[in-house]
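[1] Quick one: sequence and predicted model below, then my questions.
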2 protein chains.
Amino acid sequence: MTKPLLVHRTLSAAIVERIRQDILDGRHAPGQPLRQDSLAASFGVSRIPVREALFQLEAEGLVRIEPHKGAIVLGLVPDEVDDVFDLRLLLEPRLLASSLPRLTDADFAEAQALDATFGDAIEQQDIARWGELNAELHLCLYRRATQPRTLSIVASLLQSSERYTRLQLGGLPELTRARREHRALIKLCRTGDSKAACKLLTAHIEEVRKDLQRLFQAPKRRARKGRSAS
Amino acid sequence: MTKPLLVHRTLSAAIVERIRQDILDGRHAPGQPLRQDSLAASFGVSRIPVREALFQLEAEGLVRIEPHKGAIVLGLVPDEVDDVFDLRLLLEPRLLASSLPRLTDADFAEAQALDATFGDAIEQQDIARWGELNAELHLCLYRRATQPRTLSIVASLLQSSERYTRLQLGGLPELTRARREHRALIKLCRTGDSKAACKLLTAHIEEVRKDLQRLFQAPKRRARKGRSAS
DNA sequence: GAATCGTACATCGTATACAATCTACACGCC
DNA sequence: GGCGTGTAGATTGTATACGATGTACGATTC
């Protein structure tokens, strides 16, 4: 499996993951300060690896650190949601077009395996899992692209998306639709029809965005603290 | 001004800047390992702030850290140069179009001030300076855009560009042309003609890219170590 | 009573010390 | 001779300890 959990090379890396999950799952609310001492105590480690973890999370855009004051969890800004999905629509088809001709059978096999695991995660309601599986699946299809910078940007956009999409955790119909689209996408990629595949990919991302927009408008308002204009 | 220089809130932040400059200026060659001990000794500090600086530089894409092995300076991959400029061409006009209608007189004044400083830096051959001034100038024009994520991505792309363009340090004609284009761009932005401004911006970025391509082909080959396929 | 100052506490930043891991080279075995 | 093994040195990772900075709150002054 992709979750050995014990094979983190360093404590810092393990703690990054723990805190990241806690933020994504909402166990640390936006605006909430993350005290080094209390985190260190809760993990049973010293503050050093906690500090390094917080720095990494700041680079990922999940927290903001102010010198001598501490780290606070950043909130979800509606502007940013739009921006992230605009960027995905702009960049992912480009990546796919570049990567598709170079994809190997092994790549397709891996994509299908990820899709299968994705299906399992849906059945088991494993919310924490299907978000990252979705990201892995997308990245798997882009991996042969010759655009390393775009690739790393998209990886980070996918992770941000995960944070948003995790809000709609229960959405069974959306998930099964997403999976259907994934399977169709993989199939199309195998045929090598780049144009059609990009089109489908675009539609797929649009659908997810629409799901999210519906979610942002319909239910109760969410907190918007934790991020000032910079 | 935007260069307080002395008021780094922490040692880590100051060291980030020092090491970054050393890499950009080529004092640390690609592929070269950065030992925590020796860096700490050369700055007269302990390894803790050095470690934190290295983590930040990894997030910026200047070094790669392998657990228990250390940090090495990343090299310039030709693929990435293309990628970075493609992304700039894709994203910067979008930002400008969004920001332009909201730009204030103060913003324009600041842009012109930056341009003037840029001119001074050219005269004084202050290579370390004009790269970041160029970035500040571009960002100044984009600052009112409602796309926070794109903004931070472009900021990082501009910094990467700086690394490339710094190779051609001597290029007086390229620099004066760049400055001319900047002034024209600011003027156009003042008129509010978004379409024309974006067109000029695109041409401007294209020109810089061409300068760089010329540089990559003409002179001797550069080292390409320090980055493995990931 | 409002404002300023100052002190105590909480929290962060950095130095020092120790433990864990990696690398290189010598040794022994097949 | 090739190849695994093991040990010493180098380097990184983490814990503990101390100093610096920020914040809250009460005292003092006008």
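    Looks like it arrived, so ask away. Residues are numbered from 1 along each chain as shown, chains lettered A, B, ... in the order given.

[2] Can you say which helix or strand has residue A:156 in it?
    Under DSSP states H and E, the secondary-structure element containing residue A:156 is helix A:148-165.

[3] got the contact list for the next helix or strand after that helix?
    Downstream of helix A:148-165, the first helix or strand assigned by DSSP H and E is helix A:172-191. The contact list for helix A:172-191 (Cβ atoms under 8 Å, 6 or more residues apart in numbering or on different chains) reads A:96, A:100, A:103, A:108, A:111-112, A:115, A:118-119, A:122, A:130, A:134, A:137, A:141, A:168, A:196-197, A:200-201, A:203-204, A:207-208, A:211. The C-beta positions use only the backbone N, C-alpha and C, and glycine is treated the same way.

[4] Keep only those of these that are in strands.
    Assigned to strands by DSSP state E, none of the contacts of helix A:172-191 qualify.

[5] Please check these and keep the buried ones.
    A:96, A:100, A:103, A:108, A:111-112, A:115, A:118-119, A:122, A:130, A:134, A:137, A:141, A:168, A:197, A:200-201, A:204, A:208, A:211 (16 or more other Cβ atoms under 10 Å in any protein chain shown).

[6] Give me the pLDDT value at the nearest residue to residue A:103 once chain neighbours are set aside.
    Excluding the flanking residues, the one nearest residue A:103 by Cβ to Cβ, 6 or more residues apart in numbering or on different chains is residue A:144, at 5.5 Å. pLDDT recorded at residue A:144 is 97.

[7] Spit out the contact partners of residue A:144.
    A:98, A:99, A:100, A:101, A:102, A:103, A:104, A:107.

[8] If any of those residues are buried, put those into a PyMOL selection.
    Here is the PyMOL command that picks out the buried ones among these, judged by 16+ other Cβ under 10 Å:
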select buried, chain A and resi 98+99+100+103+107
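
[9] which stretches of chain A have low pLDDT?
    By pLDDT under 70, the weakly predicted segments of chain A are A:1-7, A:168-170, A:216-230.

[10] all helices of chain A, in order?
    Along chain A, the stretches classed as helices by DSSP state H are A:11-24, A:36-43, A:47-60, A:78-99, A:105-123, A:127-142, A:148-165, A:172-191, A:194-217.

[11] Nearest to DNA strand C, out of those?
    Taking Cβ to the nearest atom of the strand, helix A:36-43 is the member of those nearest to DNA strand C, at 3.6 Å.

[12] That closest one vs helix A:11-24, what angle?
    Angle, helix A:36-43 to helix A:11-24, by axes from the mean of the first three to the mean of the last three Cα atoms, to 10 degrees: 100 degrees.

[13] Quick check: residues of chain A near DNA strand D?
    A:10, A:11, A:12, A:45, A:46, A:47, A:48, A:49, A:52, A:68, A:69 (Cβ under 7 Å from any atom of the strand).

[14] Pull out the buried residues from those.
    Among the residues of chain A next to DNA strand D, the ones that count as buried by 16+ other Cβ under 10 Å are A:11, A:12, A:45, A:49, A:52.

[15] now for those, which pair is the farthest apart?
    Greatest spacing in these, by Cβ to Cβ: A:45 and A:52 (10.9 Å).

[16] Please identify the residues of chain A in proximity to DNA strand C?
    A:9, A:33-37, A:47-48, A:51, A:65, A:67-71.

[17] One more pass at 10 Å, please.
    Counting by Cβ under 10 Å from any atom of the strand, chain A comes close to DNA strand C at A:9-10, A:33-40, A:46-48, A:50-52, A:54-55, A:65-72.

[18] How about the closest residue to DNA strand C within chain A, nearest residue that isn't a chain neighbour?
    Residue nearest to DNA strand C within chain A (Cβ to the nearest atom of the strand): residue A:70, separated by 3.0 Å. Nearest non-adjacent residue to residue A:70, counting by Cβ to Cβ, 6+ apart: residue A:33, 5.4 Å away.

[19] ok, the one you found touching residue A:65?
    No. With contact defined as Cβ atoms under 8 Å, residue A:33 does not count as touching residue A:65 (10.6 Å).

[20] Common neighbours of these two, please.
    residue A:71.

[21] how's chain A carved up into domains?
    Structural domains annotated on chain A: A:11-73, A:78-217, as defined by automatic domain parsing.

[22] so how far is the longest one off the chain centroid?
    Looking back up the chat, that one is domain A:78-217. Averaging C-alpha positions (Cα atoms, centre = their mean, to the nearest Å) puts domain A:78-217 10 Å from its chain's average.

[23] so who does the residue lying farthest from the centre of chain A touch?
    Most distant residue from the mean C-alpha position of chain A: residue A:68, 29.9 Å away (Cα atoms, centre = their mean). Residues in contact with residue A:68, defined by Cβ under 8 Å, 6+ apart, are B:9, B:10.

[24] so which pair among the contacts of residue A:144 is furthest apart in space?
    Longest span within the contacts of residue A:144, Cβ to Cβ: A:98 and A:104, 14.9 Å.

[25] List the residues that contact residue A:59.
    If you count contacts by Cβ under 8 Å, 6+ apart, residue A:59 has them with B:55, B:56, B:59.

[26] how about residue A:197, what does it touch?
    A:96, A:100, A:185, A:188, A:189.

[27] From those residues, pick the one nearest DNA strand D.
    Nearest to DNA strand D out of those is residue A:96 (Cβ to the nearest atom of the strand; 34.6 Å).

[28] what does chain A put close to chain B?
    Within reach of chain B by Cβ under 8 Å from any Cβ of the partner chain, chain A has these residues: A:9-10, A:13, A:48, A:51-52, A:55-56, A:59, A:61, A:67-68, A:77, A:79-80, A:82-84, A:86-87, A:90-91, A:146-150, A:152-153, A:157, A:160.

[29] Can I have the buried ones of the residues you listed as a ChimeraX selection?
    In ChimeraX, this line selects whichever of those come out buried by 16+ other Cβ under 10 Å:
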select /A:13,51,52,55,56,61,77,80,82,83,84,86,87,90,91,146,147,148,149,150,153,157,160
